[in-house]
Every structure is written in structure tokens, then in C-alpha cells.
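# sequence below, structure please.
(chains A and B)
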Amino acid sequence: MIGMTAQAGTPTRKWATFFLNEEMFGLRVEDVQEVMMEQPLTPVPLAPEHIVGLLNLRGQIMPAVDLRRRLRFPVRDASQSTKLIVLRSHGVSVCLVVDAIGDVIEVASTSWQAPPDTLTAPHRGFLSGICPIAGFVVLGLDVDALLGDD
Amino acid sequence: MSENRDRETVELFIEESLEGLLRVERLLLAAETGKPSPDMMTVLFRDFHTIKGTSGFLDFRQILRLAHRAEDLLSRFRDKTLVPTSAHFARLVVVVDLLRRMMENVRETDDEGDLPIDAIVAEMERDLTEPEVVVVATPTLALAPPPAPAPVAVGDPPTPADDAGGHRETASDGTVRVNVAVLDRLMNLIGELVLARNQMVQIAKSFRDTHPGAQAAGQRLSLVTSDLQEQIMKTRMQPVARVFEKIPRMVRDLSKETHKQVTAHIAGNATEIDRALVEAIRDPVMHIVRNALDHGIEAPPERLAVGKAATGKLSVRAAHEGGMVVIEVEDDGRGMDPRKLRAHAVRKGLLTPAAADALSDRAAIDLVFMPGFSTAATITDISGRGVGMDVVRTHIQRVGGKVELDSTLGKGTIIRLKMPLTLAIIPALLVRGGGQRFAIPQVNLLELVYLNEDQASTAIETVRGAAIYRLRGEILPLVRLATALKLEPAVPARADVNIVVVSAGARRYGLIVDDIHDTEEIVIKPLHGQLKRLACYSGATVLGDGGVALILEVAGIAGMAGIDVSAQREAELAPVVATGGGGAQPYVVVLVGDGVQCAVPLAMVGRLEKLAASSLERIAGSEVVQYRDAIMPVVRPESVIPLGLAPARGPEDEQALVVFDFGQTVAMAVNSIVDIVDIDVDGAQAEGKGPFALGRTVVLGKTTLLLDVYSIVRELAPQFVRERRGAARRPRALLVDDSSAMRSALGGFLRSAGIDVVDVATGELALSELKAQRFDAVVTDLEMAGMDGFAVIRAVTLEAPLLPVFVWTYREDEELEAKVRAAGARACVHKLRREDLVLAMQVAGIVPERPATDRRAA
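Here you go, the predicted model:
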């Protein structure tokens, strides 16, 4: 794991942001291992639709989850480029396929709120909050949930 | 014999000594890999001393001799006049094993037996002549790292009285202790290195022309990497004792609990296996041992009643065998009863009664591997925990191993686990299916079959909608990899076919792939989350070119493709019970005459062939065809049954043939082969029965005549029968008897009667002979170890349905004769009346009426 660990009690936290269907999402920087350009993926026949393949990252094999499919967003055009975000959580690595990478921003812990009740599954399980100030959604990280069934 | 030796004292001695040996063994194993404490030496010394003393009193001289030397050796360790090495400890482990076996002998026979102890005693005596050294401090290696927090062993820190059997890896005699995490990291790194090597070697190849040195460098890298890999692999090895060490205790506890007497013999403690495997096999081995104690070995009264020793024997052995680790658990208990297993499977709803009946005994025993088949007749606390042999098999298969089971009713059971030495890096075959590369572990591979365009179109048949291929007579279901993985519509892009014949446990099938590439050493990387749940993959790997390939789990694919193993078995093992008893059997449905639908039992059919009509010839008024360098008679059912005339064929037309194997092949010419279907013979019988037909039934919506193949052949190919009786070839008999004296006596007699004889000592050998060559008769003894006479009869009827079997025995009663005949034998002959055997063979038309020499000459 790279990056810094937010100290307990500090009012701010760093978020790595990315774009999906023109919405901004955020991940805790400490969960992000690295960010990459598109890479060749090996498809996994019979795998759930959102697992779009396996990525070989320097000898480590991890599943690539297309977040658009996972969150039931419209599927992007074949021509649209993607970026990969490698996450590491509880010793398991996953690679997220997203539209574009945003900045790392610092947000006060107090400024984010629970997601509105109107948000429904499958989002619900992965989203831990929204931040009205920066206007982005915080993606709660549950790798198991990302890889698991709805 | 000592006058002190009364039964009770001896029992006590054995019990006490075995207990002591158990303690000794644990300490030795700890010491072998760790740092012996002075305290430990005292404990060891005391135990050997006790055994020595008592054995002297009871006058067990061999035990005394062994224990005495061991005691001497230990006294020098204790007094620090000799530095113990791992070689010393290994010798003491051998001593423990020998002593234990002697104890068992004493228990069984009141005699310690004659075990080879001279060598080990001599070794210890050599050890004792080594010059005394004064040990200032326990020797440690200069380079030994500080004690690591997590030593290799799991479990409690060992103390001499430690019961849990924990071990410590400490610096001693050329060993260093290394943190497990470091070993795991090394293992991962070597995995990466192997991959990088694979890539490098490929790149080096492409530089062959511009940089001539590149390839040599690549090869060197390759060699060093392989060597390094092997060495690092060794660091992960642990003795299988880690699994076995708990067995003696468990056996003791369980036998007390179940009021049984059991001695456990454990061998091969030092056999080394991958650390990960130790964990993987622990539960399965324990479960098998529990099963053996719980269900296998009988209570003493039951054992005595069947003439066995009151004390049951359980032996657990480990060994390296051809690059695999083999662990065997054997008991001399009651064995498995195929009849009960069949009945149980039916009761559990796992099989239909017909399917169960169709299973051979061998296959019935394999039923215990079926999920949901509880082996416990009564659920007990011990093994009735809902964990069955299917779980054992699943566990072992998961580590690339397999489980074999042999059981003889009344004699006992052997369960064999065969596993690869290591888990992390395995050889695998790379294949392509649906445009993607996949790896198939070598352990699942049986063979590769390539069929060219022509072969593919004829050799692949469709049975009930499923593709099958006959591989040397065995029905092999086929699965197209791309279709199974839903990769592309099953359009045969190429007309030729690559079949990878794979096996996973009892399942054996052909996987059709687009292409077959090389084999490669692959590093297995596990899949996580939802991917882990896909039954068709066991992991993924990085290939030499950096690409990723999924590793196929052949058992999972079989399941997904719906390969019905029981149906496959049915077809393979279906005994020819055209005569009575048995429910549905597979039949080959054919059209004969002017289009009448007929059926013949699949089990009698050797092959289905299609030849040009012109290849049929007429010789001396009979139709024949050249087939595999021999002349094969051709029969037409319509010439004995009024079925109308077959449509005329031009020489270019195809002629379908059903080839029967009666020890000699005979072909039946038919208009066409329709399908293979299950037919319930019992429901057919009555109507339509005639000299050449067994009955009539409705199959595939049409009235179908069940042909009596044997009668037809007999009627229509008398020249075939005559040829068999002619002088050209002497009839050949297969003689099965476990007494070599009897074999030689009867063999000589039969030979003098003009019969060639091949004699074998066991039913098992007989079966392999049957597969290897043709026989005209089988003569078998009834009472034999392993397969008995009945088993031989059954096996022969499966292998060659029309081959007559004669039983010869000293027993003489009508009931036995009836039983023997019911099992399928032609006749039962008393061993003292050998000429009756020749008469019986004459009646059966095997031996010419007038034998070459007077049959009473011998």
C-alpha cells in the first residue's frame, strides 16, 4: 500500500477522484495502489458481466471491474478510452475500470453526508457518502461487495 | 521363553512401551528439526531404559538389544559426551518404528518376530565408538539469525511434555531457522522469476540472429532458475510426520471410545511434502483414519467370530512414488459391501435401482465418493459428521491429487491418496479454445487425440444428443471447450479435431479444443471473490509472453457440461443381462431387412463400422470382410428372421456393420445404425420371442425386435465355429489359482489334453491377461486373496460376455454349484476330477471331441 494514512483526529482526508458517466467519485487515497493507462485484459468466460477481465500487474493477477457495469450506468462506447485504478484492500487487489482520473482533493471529514435514501441498489452497497461542497460521491470500499453478487 | 511371561504382564508391557514410544517419537521429531534440550535427553533416556528393563525381564531379546543400544546412545547425549546430529535422531526414529512393530508382533503372536535390526544396531554401535567430545555450549551456526517470532512450525511452543506436537526449527547441525513469511516471500519471488525467465527465453529466441549470445544467456538463466526453484521448493518441504503424529493418539482414543482393539502402524514419517500440502491433507487423512476405525475395523467379538485376530490393524504409510506423494491408509476390517452400498445409494435417491444394479462391484464401491452418500450405517460421534468421502476427494483434488479406494468384503480397505509434491508451480498444457488460451494441469491429462477431417466425421458419434468418441472401446463423452465456456457458437471452424482426454476423479472425458500448444511450468495464482466461485477455473497464471491464462478445472467443466458420469458408467460397465434381471440397458438400434428396427445389446458390441459395400466378399458361400488383417465373417439377421430384403447396394454404397467380439470378431450387416438407447428388457420379453429374437418392444416410437445375437451368429457363421474347433489353433484357457502347485498340476493336464494354458495367481492378473490376449475358456479357483472366484466370473462376464468360465474347487455341493452358475459360470468342477473339466469344455464346444492325447493319460 502506498500513500499516507490519515491521522486520527485530523479534520481533513485525502480523496483520489475519478469520473464515471460524467459524475465525480472519490476513493480514499490510502486504498489506491496505483493508477494506470488502459492495459490488455484477459476475459474470463462465464464471469459476471462487470468483471471484464484479468489484469497482469507485474506478475500479480487481479480481476478488473468495470464500474459502469457494476453501478449499472450506461455502457461506454467501444471508442471511449478508460483508465485503471488498482485498489488493495484486506490483501486483495482489484482493478477498477473508470472513464477518467481526477485530482486528489482534501475534504474535511465533517463535510460529507450519508447518501440520500433515494439512491438505490446496486449503488447503495458501495457508496458511503456524498460531499455537497466538492459535489462528488464518496465510494465506500468494499472489495468483496465489488466482486460479489448484487 | 521366559517363565515371567504371563499374558497380563505382556499386555501391560506393550501398553506401557507403546505409550513411551509415542512420547519418544514426538520428542525425536521435535529434536530432529530443532534444538534438543538436555531435559529432553533425560526423558528419552528414561523411556528407552524402561523398555530395555522390562524386555529383559520378559526375555524379548531383540527388543532388549535395540532398546539397549538406543539407551546407550541417549546416555551419551545426556552426558554431553556426544553431540546429537539429525542422523542420530533419524536412526532413533527407525528404532522407534522397529520397536513398535515388535510390540505389535508380541501382541499378535506372543513373539517379537524376526525384524531386520542388525543394520540399525550396527549403526548405533558405530555412533557409540565416536570419540568423546566435551561440549562447551550447544553448537549454533555463526550465521544463525536471531530467533524469529514466527518459526516454521505452527502450534504450541514445544516442551518435552508437549502433547500437541509442536516443533521448533532451531539452529543445530547445519540448520538455521527461517521465518515462514520469508519462505513464502521467497516462494512468491521465485514464481515471479520463473515467469520473467519464460519471457526472457522467448525474447532471447527472437534475438537469435542479431545477438548470437542471447540465446545461450537465456538458456543459462533458464537452468539457474530451474535449479533455484527446486532448491527453494525444498525449503518448503516438511515431513509428513506433521500429519501422522496425531494418528497414534487418535487411534488410541477412538479405539477406547468404540471398544475396539486397534494397533496403528505408521511408516514413512520422514517423507517430505510441501508445507501447504501438509495443511491440505491433514483433515482428509484424519477423516480416513477415523472412518477406518469407526466403520472398517470391527469390534473384537465380531472379529473373532470371523476368524480374525481380536486386534485390528491399521497402517498408514507415506512414500514418494514417481514424483508424487502417496499416502496409504489400510485396515483389515470388514471392508465394503457393494450390495449394501448399492442399496444405500438407491435408498438415498442417488441412483435408480436399475442404475445401481448395473454398477460393477468396483463402481459400487466408488459410490462412497458420491456427494450425499453418507458412509455411516449408524451416525456416530466419530465420523458421522456429514463429512463423507466426497469431501475427502474434493479436498485432495483441490491440491491436484486423486483418491483411490480398494476394498475387499471381509478383508479390509485401502485408501490411497496421490498428490503432487508441490502446489505452487505445476506443469500444464496450454490450449486454445474460442480464441483464448487456457492451461490444463498436467495431472489431469491422460492423452491427446487428433482426428483428421475424415476420422472426425465418422469417429465422433452422437448418443442421446451428446457427442461421444470411442477411445479403444471406452466411451468418452466430448465437451467442446468453447461451447462449455459460452465463448462462441459451436461452429466447427476447422474440420479436424483436437481432443484432450482429461480425468478428474472418476470422470474421464474429452475436451475439444481449437489448438494445442506447449506444456509450460505455470505458477498458480488463485482467483478471488466471485471468480473463485466459477467451477470451471482453478486459478490463473501469467504466461511466458506476459499474457494471462485461466487454469481449467476439468472436474468443474464436466459438471457444467452436464457429463453424466453415472450414465457413462452404465454404458461402460453394463453387464450383458439380456437374459433376465436388470432393468434398462443400452442397446444399439439398427435398421435391418426392409427397414425393420432391431436392437442389440451395446455391451456385446465391439465397434460400429461403415465400409464400402464392395469390401464385402464371398468366400465358400459365406460373406466375409477383411478387417484388421483378419477375415471376419458377416451375418445378416434377415437370412434367419423374416425381415424382408435389404435394399440392393452398389459397390460404392456404404455398408454399416455392427462388430461383435466373441473372442473372435463377427460382423452383422445392417442397413443403418439409428441410435444408442436404453431399453428395459424386462418390459419386452413375451411377445415376438423366437429362436433368434429375445422379444419385441417399442423404442423411439417404433416396434423393435431385440435380436438374439449369439443364436444368429451360431446359425449363420458355422464356419466360424468350425474354424474355432479346427486343428489350426489349439484352444487356449486362462487358469486362475493362487496355488502355484495347483496351477502347474492342472496346467500340465490341460496341455496334455490339447489345450494351451496361461496361468496366473490372482484375479487381477487374470483380468490384465484377458485384456492382452484371446482365450477360449477361463478356469478359476474360488477361494483367493483379492478377487475371489465370483469376482473373476463377474469380471470376465463384463470383459468378454461369451467367454465360458469354469470353476474348480475342492468344495462340492449343489448349492455352491447353483451359486456359481447363477454368477455366470458354465460349470463347477471338483479339483480331484480334472477330466470332468475337459469334458465340460467339450460340451461347451471349446475342445475338439477327440483330444490330441488321451485325456486320462495324466
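
# now do the residue in chain B that chain A sits nearest to, the pLDDT please.
Here chain B gets closest to chain A at one residue, residue B:529, 2.8 Å apart by C-beta to the nearest C-beta. All C-beta spots, glycine's among them, are computed from the backbone N, C-alpha and C. Note for residue B:529: predicted pLDDT of 73.

# surely it touches residue A:63?
Yes: judged on C-beta atoms under 8 Å, residue B:529 makes contact with residue A:63 at a distance of 6.9 Å.

# the two: which has the busier surroundings?
The neighbour count for residue B:529 versus residue A:63, taken as other C-beta atoms under 10 Å in any protein chain shown, is higher for residue A:63 (28 against 19).

# in which helix or strand does the more buried one reside?
Taking DSSP states H and E as the criterion, the element that holds residue A:63 is strand A:60-66.

# and the contacts of that strand?
Under the contact criterion C-beta atoms under 8 Å, 6 or more residues apart in numbering or on different chains, strand A:60-66 has outside partners A:41, A:44, A:47, A:50-55, A:84, A:86, A:93-97, A:146-147, B:525, B:527-529, B:531, B:540-542, B:548.

# can you select the buried ones among those residues for me in ChimeraX?
Buried members of the contacts of strand A:60-66, defined by 16 or more other C-beta atoms under 10 Å in any protein chain shown, are picked up in ChimeraX with:
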select /A:41,44,47,50,51,52,53,54,55,84,86,93,94,95,96,97,146,147 /B:525,527,528,529,531,540,541,542,548
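
# counting neighbours, what do you get for the closest residue to residue B:303 other than its chain neighbours?
Excluding the flanking residues, the one nearest residue B:303 by C-beta to C-beta, 6 or more residues apart in numbering or on different chains is residue B:310, at 5.6 Å. Number of residues near residue B:310 (other C-beta under 10 Å) recorded here: 15.

# before we move on, what about residue B:653?
Neighbours of residue B:653 (other C-beta under 10 Å): 11.

# I'd say residue A:28 and residue A:17 touch.
No: at 11.1 Å, residue A:28 does not count as touching residue A:17 under the criterion of C-beta under 8 Å.

# next, the residue nearest to residue B:303: phi, psi?
Torsion angles at residue B:310 (phi, psi; degrees, to the nearest 10) stand at phi -60, psi -30.

# show me what the longest strand along chain B is packed against.
Using DSSP state E to define each element, chain B has its longest strand at strand B:311-321. Applying 3 or more C-beta pairs under 8 Å, 6 or more residues apart in numbering or on different chains; DSSP states H and E, one finds that strand B:311-321 contacts helix B:86-109, strand B:261-267, helix B:275-291, strand B:324-331.

# any chance of the ones you listed in TSV, with mean neighbour count and mean pLDDT too?
Formatted as TSV, the helices and strands packed on strand B:311-321 follow (neighbours: other C-beta atoms under 10 Å in any protein chain shown; pLDDT from 0 to 100):
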stretch	mean neighbour count	mean pLDDT
helix B:86-109	20	85
strand B:261-267	20	88
helix B:275-291	21	84
strand B:324-331	21	89
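
# looking at chain B, which helix or strand is least sure?
Sorting the helices and strands of chain B by mean pLDDT, DSSP states H and E puts helix B:565-573 at the bottom, at a mean of 43.

# after that helix, next one along is what?
strand B:584-592.

# any idea which helix or strand comes after that next one?
strand B:596-601.

# so how far is residue B:50 from residue B:23?
Distance of residue B:23 to residue B:50, given as C-beta to C-beta, to the nearest Å: 11 Å.

# now do the helices in chain A.
A:67-70, A:123-126, A:143-147 (DSSP state H).

# so what touches the first one?
With C-beta under 8 Å, 6+ apart as the contact definition, helix A:67-70 has outside contacts at A:20-21, A:25, A:49-50, A:52, A:73-76, A:96-99, A:122, A:126, A:146.

# buried set for stretch B:293-308?
So for stretch B:293-308, counting by 16+ other C-beta under 10 Å, buried means B:293, B:294, B:295, B:296, B:297, B:298, B:300, B:303, B:308.
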